[in-house]
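Undergrad: Make a model of this:
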Amino acid sequence: MELFEAIYNRRAVREFAGETIARETIQKLIDAAIQAPSAMNLQPWAFAVIEDRATLKKISDRAKVHLLKTMAASSPLARMRDELANPAFDIFYGAPVLIVICARLDESMTEFETGDCALAAQNLMLAAYATGLGTCWIGLSAAWLNTAEGKSELGIPSGYKPVAPIILGRPKAIPPSHGRKAAEIFWRRKG
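TA: Residues are numbered from 1 along each chain as shown. From the prediction side, this is the model:
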């Protein structure tokens, strides 16, 4: 697949077929993720992979409760209160896999690790699309995943910060594009 095709056609997928994803495929996607650039080549990422649907359901339920308890009334997510309160709503949309890209925290480099993990996430999502899989970054889970309970549930050591929770699975269909706004560009020309 040509790179620009993947960049222009990859979409957030929220409907998945029920099939499992082979561990070799997940490893291949993580190998693509770690090809991302990183500040001073520190490669601060680690990956938590959850393939168990019962665990995914438990994480979804706990993340929803956490959001409802901690969400400010002025939050843009406030419009989702009813959905988050619905026991049937799965923030992972039935995906068979959750890959959480975590930043290894280094007190001297904290401004870089999150961006480095986002670069790894983009590689992972593009590689998934190129292999016929769908992904979606699930920001709704991040607050709970960053609690001591969340890290413990996933086996993430205290020196790591969950940055990019990405669901993965075989899409039922690729959603259409919602289009993009024109880029704001601030040109500075010589002379």
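Undergrad: Show me what secondary structure element comes after the helix or strand harbouring Ala48.
TA: Per DSSP states H and E, Ala48 falls inside strand 45-50. Moving toward the C-terminus from strand 45-50, the next helix or strand (DSSP H and E) is helix 53-70.
Undergrad: after that following helix comes which helix or strand?
TA: Next element after helix 53-70 (DSSP H and E): helix 81-85.
Undergrad: so what secondary structure elements neighbour the lengthiest helix in the chain?
TA: Longest helix in the chain by number of residues (criterion: DSSP state H): helix 110-130. Here helix 110-130 touches helix 3-9, helix 23-33, strand 45-50, strand 97-104, strand 134-137, strand 160-169, going by 3 or more Cβ pairs under 8 Å, 6 or more residues apart in numbering; DSSP states H and E. C-beta coordinates here come from the backbone N, C-alpha and C atoms, glycine included.
Undergrad: Put together JSON lines for the ones you listed, with mean neighbour count, mean pLDDT and distance to Phe186 on each row.
TA: Below are these laid out as JSON lines (neighbours: other Cβ atoms under 10 Å; pLDDT from 0 to 100; distance: least, Cβ to Cβ, whole Å):
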{"stretch": "helix 3-9", "mean neighbour count": "11", "mean pLDDT": "90", "distance to Phe186": "22"}
{"stretch": "helix 23-33", "mean neighbour count": "16", "mean pLDDT": "98", "distance to Phe186": "31"}
{"stretch": "strand 45-50", "mean neighbour count": "19", "mean pLDDT": "97", "distance to Phe186": "31"}
{"stretch": "strand 97-104", "mean neighbour count": "24", "mean pLDDT": "96", "distance to Phe186": "29"}
{"stretch": "strand 134-137", "mean neighbour count": "23", "mean pLDDT": "97", "distance to Phe186": "27"}
{"stretch": "strand 160-169", "mean neighbour count": "24", "mean pLDDT": "96", "distance to Phe186": "28"}
